[in-house]
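K.L.:
model the structure of this input:
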Amino acid sequence: MSYPLIDPVIFEIGPLQVRWYGMMYIFGFAAAYLVLVRLSRYRHFSIDRKEIEDFLVYGIVGLLVGARFGYALFYNPMYFLANPLSVFAVWEGGLSFHGGLIGIAVASLVFGKTRDKPFFMLSDMVAVAAPPGLFFGRIGNFINGELYGRVTDMPWGIVFPGAGPYPRHPSQLYEAFLEGIVLFITLYWLARKQRVRGFLGAVFLISYGAARFVVEFFREPDAHIGFIAGVFTMGQVLCLMMIAAGVLIIVFQKKRSPQRG
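P.N.:
Sure thing, here's the model as predicted:
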């Protein structure tokens with residue numbers, strides 16, 4: 001199957017290019033805002049619309065800074081140690097989901113401290129609001145023809161530009177479905193019923209970690225890293241840490257009052 005001819009540039013105004021990938025971030029942030037507003041109607045999420053708008057700003061900054069520094073730390077540390085200023089060259093590409101997750105966690109801690117909001121309440125809200133953004137982000141990866149899968153003989157394999165002549169798994173679409181659609185439906189349903197703070201965040205960590213761990217078996221590993229211990233990718237190692245963190249949160253938060261953060 002040939003890669004669909006999708007121009008990554010939506011339109012140009014002089015030297016300015018508006019790209020689908022950047023637009024997907026806007027779609028993701030807009031969707032997150034709508035989900036957060038919806039969640040605020042539930043009594044166990046004590047936050048108003050103005051606070052949500054402020055929290056979203058904190059989250060966006062934390063996500064972008066964390067994603068960039070996470071990529072430098074997890075995926076190319078030696079290069080960035082030799083070229084430290086390159087960490088600010090975001091136009092060269094290179095963002096890490098796991099780094100972005102850490103960035104949002106830090107942003108939630110800071111926001112919670114300054115606005116007297118429980119961290120685990122905020123993390124639960126982020127957990128439900130994040131999957132739509134993950135969906136749009138993976139669609140952006142697919143449009144860019146990046147982060148493609150390994151070679152396959154499946155009938156839905158796609159020949160990606162610059163990835164050789166053989167069909168590959170459209171792993172971006174696998175992730176969009178599992179990390180975006182399935183995870184959102186699951187967490188949104190749980191948000192209406194669950195009162196133990198931290199539970200939704202823990203389910204996100206475990207579910208995303210498991211989904212990404214499986215999809216990584218179909219995704220081409222980073223060329224400059226390859227496999228760790230000859231078996232796992234860096235993404236899988238980080239996902240195992242996510243799953244462990246999620247399990248620990250459930251164990252400890254189940255012992256606490258639903259009204260404590």
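K.L.:
buried ones in the worst-scoring helix or strand of the chain on mean pLDDT?
P.N.:
Across the helices and strands of the chain, the lowest-confidence element by mean pLDDT, DSSP states H and E is helix 77-82, at a mean of 78. Across helix 77-82, burial judged by 16 or more other C-beta atoms under 10 Å covers Phe80. The C-beta positions use only the backbone N, C-alpha and C, and glycine is treated the same way.
K.L.:
could you dump the helix or strand that comes right after it to PDB, C-alpha only?
P.N.:
Elements were assigned by DSSP states H and E; along the chain past helix 77-82, the next helix or strand is helix 97-115. As requested, the backbone C-alpha atoms of helix 97-115 are provided in PDB (Å, rounded to 0.1, in the frame of the first residue of the first chain):
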ATOM      1  CA  PHE A  97       6.200  11.700  25.400                       C
ATOM      2  CA  HIS A  98       7.700  10.500  28.700                       C
ATOM      3  CA  GLY A  99       9.500  13.800  29.100                       C
ATOM      4  CA  GLY A 100       6.300  15.700  28.500                       C
ATOM      5  CA  LEU A 101       4.600  13.500  31.100                       C
ATOM      6  CA  ILE A 102       7.200  14.500  33.700                       C
ATOM      7  CA  GLY A 103       6.900  18.100  32.600                       C
ATOM      8  CA  ILE A 104       3.100  18.100  33.100                       C
ATOM      9  CA  ALA A 105       3.500  16.400  36.500                       C
ATOM     10  CA  VAL A 106       5.900  19.100  37.600                       C
ATOM     11  CA  ALA A 107       3.500  21.800  36.300                       C
ATOM     12  CA  SER A 108       0.600  20.200  38.200                       C
ATOM     13  CA  LEU A 109       2.700  20.200  41.400                       C
ATOM     14  CA  VAL A 110       3.500  23.900  41.000                       C
ATOM     15  CA  PHE A 111       0.000  24.900  40.100                       C
ATOM     16  CA  GLY A 112      -1.400  22.800  42.900                       C
ATOM     17  CA  LYS A 113       0.900  24.500  45.400                       C
ATOM     18  CA  THR A 114       0.100  28.000  44.200                       C
ATOM     19  CA  ARG A 115      -3.700  27.500  44.000                       C
END
